[in-house]
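Participant: Show me the folded form of this:
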Amino acid sequence: MTNVSFEGCRFIDNRGSGVNMDLRQGTSKSPPVSATFRDVTGAKYPKEILGNKTKPPLGKSLLPIFKGEVREPHKEIYWHFSRANAVRQGDLKVVRAGKSWELYDLKADPTETNNLAKERPEKTAELAKMWEAWRQDYKNKPK
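Facilitator: Numbers count the residues shown, from 1 in each chain. As a prediction, the model looks like this:
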């Protein structure tokens, strides 16, 4: 399976990401690789680098999965890539590659062809607000 869009051949970088989420189990700013290396090596994430405070990492280690164990999934998965923004919560995913948010139920519609934003405006707004808060948090420097 790939992350290629099922919706024709147009290039929109927010499509298809819900189909194969294995390596997006963190955020675009804190991939699971860092958490996995820390888990394997026992290293601790620094609270400060060269006198600058750091934010705590958000990614989860993939080590339990590599060991064939079950790992608690993320409650949400956020990403920002090029002009695409998205957050996935369970089977629901809101995406935008412009001004308006779209909502998809990935279990019922893994190819993201049935936009539910008009049918479920409250959920669309809730997830979009969560994305905006996440993005703002990453724009702010640690205090």
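Participant: Residue 52 - how many residues pack around it?
Facilitator: 9 (other C-beta atoms under 10 Å). (Glycine included, C-beta is placed from N, CA and C.)
Participant: Also residue 132?
Facilitator: 12.
Participant: confidence score at it?
Facilitator: At residue 132, the model reports a pLDDT of 93.
Participant: try the one 10 residues further on
Facilitator: Here the pLDDT value assigned to residue 142 is 62.
Participant: How about residue 74?
Facilitator: On the pLDDT scale, residue 74 gets 85.
Participant: Does it touch residue 60 like I think?
Facilitator: Yes - between residue 74 and residue 60 there is a contact under C-beta atoms under 8 Å: 6.5 Å.
Participant: Am I right that residue 128 is in a helix?
Facilitator: Yes - counting by DSSP: H, G, I helix; E, B strand; the rest coil, residue 128 is part of a helix.
Participant: Next, the contact list for the closest residue to it other than its chain neighbours, please.
Facilitator: Leaving aside its chain neighbours, residue 128 sits nearest to residue 101 (4.6 Å; criterion: C-beta to C-beta, 6 or more residues apart in numbering). Contacts for residue 101 (C-beta atoms under 8 Å, 6 or more residues apart in numbering) come out as 94, 95, 117, 124, 125, 127, 128.
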